[in-house]
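Participant: this is the structure alone, sequence omitted:
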């Protein structure tokens, strides 16, 4: 097993070493992105600093990320920097919360990075539970959730409806499993940020959502913390404009994920960090997982095929209907197995895989067409139900052969270009 880790692959999660407060490099860097917050900035930073000094057992830093404020916010931030040792100030010339977080997090030397809104709507007692899983090495990212069952939230019905509707959209369109994308209370490990942030395009309010969706799709672990949260009635967020920008972001990310345009395999954990990667004597690596995935995809593909066949059969003969239905379902089947069963992401060799899948399709076509030809020879006018039964039996036989060909030829272990458990187990070079 290789011990060196290239810059585009995440290192194994390790518990950060225990250190005293006199260590020059902070363990935690809390970023407060601000725009024209001259009134709230001072009380926010002083309150946060007091809380961390009393409760946080590691060295910390508070970074004020001023993204193009036009009021006295820069002066207030400079005064805080001179007054409090653990506070620093970064000035950006362009607006955008995502832009500010990307700039500060990318340049920070702290192993754990966090951010919170300047209004401190979230109870600070959740800060240590938020970053503890990252310090321990258990998780990659952590988010505060206002929608958890045990959260205690005070806000108006309008913001409540918008927040829940937005998260329902994420679940339905991007299949997100995290509960609250918009809560301004999140943390990420520094090594994860250095690999993940270059993939995040948004520079505004959708930055959080995009980061979480990509992290989740890459298999990173996201820890959720129930929070107590009180709405700030003086918030300057433009809800309608923000919602419109978020929906545009959902469309953009969803389209990129659908066509495999995002190199999420860059976020793969190296060999040895996933217990499923451990070699077990006598157990073929990943076979059980691949069989389950293949069966699920196969069942859905067979249903899709039968629906297509029944539709085409209404205006054409059985052979053309079978060929069309099998061709369309085969393309969908290859794409689904490529991503879900064998864990291949991105566009690399996608055309080659589809071409090989068409060869497998041709074999399946020969089996099913031969079955139909035999049925026609046995009966001049077979019933539609009989045709479907014969095709179903032929497809089951073709399915077994398809799995063997996909596993051994189209997506062979150690040569898929993806960070699947089986590929990592049999060829540690894939961790490079």
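Facilitator: Thanks, I have the structure now. In this text, all values refer to a predicted model and were calculated from it rather than measured experimentally.

Participant: just checking, what packs against the host helix or strand of residue 321?
Facilitator: Per DSSP states H and E, residue 321 falls inside helix 318-336. On a contact count with 3 or more CB pairs under 8 Å, 6 or more residues apart in numbering; DSSP states H and E, helix 318-336 meets helix 287-313, helix 350-378, helix 384-405. The C-beta positions use only the backbone N, C-alpha and C, and glycine is treated the same way.

Participant: could you dump those helices into TSV with mean pLDDT and distance to residue 249 added?
Facilitator: Output for the helices and strands packed on helix 318-336, formatted as TSV (pLDDT from 0 to 100; distance: least, CB to CB, whole Å):
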stretch	mean pLDDT	distance to residue 249
helix 287-313	85	29
helix 350-378	83	25
helix 384-405	82	37
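
Participant: could you dump the ones you listed into a markdown table with mean neighbour count added?
Facilitator: Shown next, in a markdown table, are those (neighbours: other CB atoms under 10 Å):
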| stretch | mean neighbour count |
| --- | --- |
| helix 287-313 | 16 |
| helix 350-378 | 16 |
| helix 384-405 | 16 |
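
Participant: so can I have a markdown table of those helices showing distance to residue 63?
Facilitator: Formatted as a markdown table, those follow (distance: least, CB to CB, whole Å):
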| stretch | distance to residue 63 |
| --- | --- |
| helix 287-313 | 42 |
| helix 350-378 | 41 |
| helix 384-405 | 52 |
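
Participant: quick one: which of those helices is nearest residue 38?
Facilitator: Minimum separation from residue 38 across the helices and strands packed on helix 318-336 (CB to CB) falls at helix 350-378, 51.9 Å.

Participant: let me see the ranges of the strands in the stretch 151-300 of the chain.
Facilitator: 152-154, 185-189, 222-226, 228-230 (DSSP state E, counting those that start in this stretch).

Participant: tell me the strands beside the first one, with direction?
Facilitator: Meaning strand 152-154. strand 228-230 (parallel) (DSSP bridges).

Participant: list the buried residues in the strand it pairs with.
Facilitator: 228, 229 (16 or more other CB atoms under 10 Å).

Participant: before we move on, the earlier item: to residue 330, which of the strands of the stretch 151-300 of the chain lies closest?
Facilitator: Residue 330 sits nearest to strand 222-226 of all the strands of the stretch 151-300 of the chain, at 35.1 Å, using CB to CB.

Participant: who does the closest one touch, helix- and strand-wise?
Facilitator: Under the contact definition 3+ CB pairs under 8 Å, 6+ apart, strand 222-226 sits against helix 127-136, strand 141-145, helix 207-217.

Participant: what's the angle between the longest one and strand 141-145?
Facilitator: Between the axes of helix 207-217 and strand 141-145, defined by axes from the mean of the first three to the mean of the last three CA atoms, to 10 degrees, the angle is 120 degrees.

Participant: which strands and helices sit next to helix 207-217?
Facilitator: In terms of contacts (3+ CB pairs under 8 Å, 6+ apart), helix 207-217 is packed against helix 97-107, strand 141-145, helix 190-196, strand 222-226, helix 239-258.

Participant: try it again with 10 Å
Facilitator: When contacts are defined as 3 or more CB pairs under 10 Å, 6 or more residues apart in numbering; DSSP states H and E, helix 207-217 sits against helix 97-107, strand 141-145, helix 157-173, strand 185-189, helix 190-196, strand 222-226, helix 239-258.
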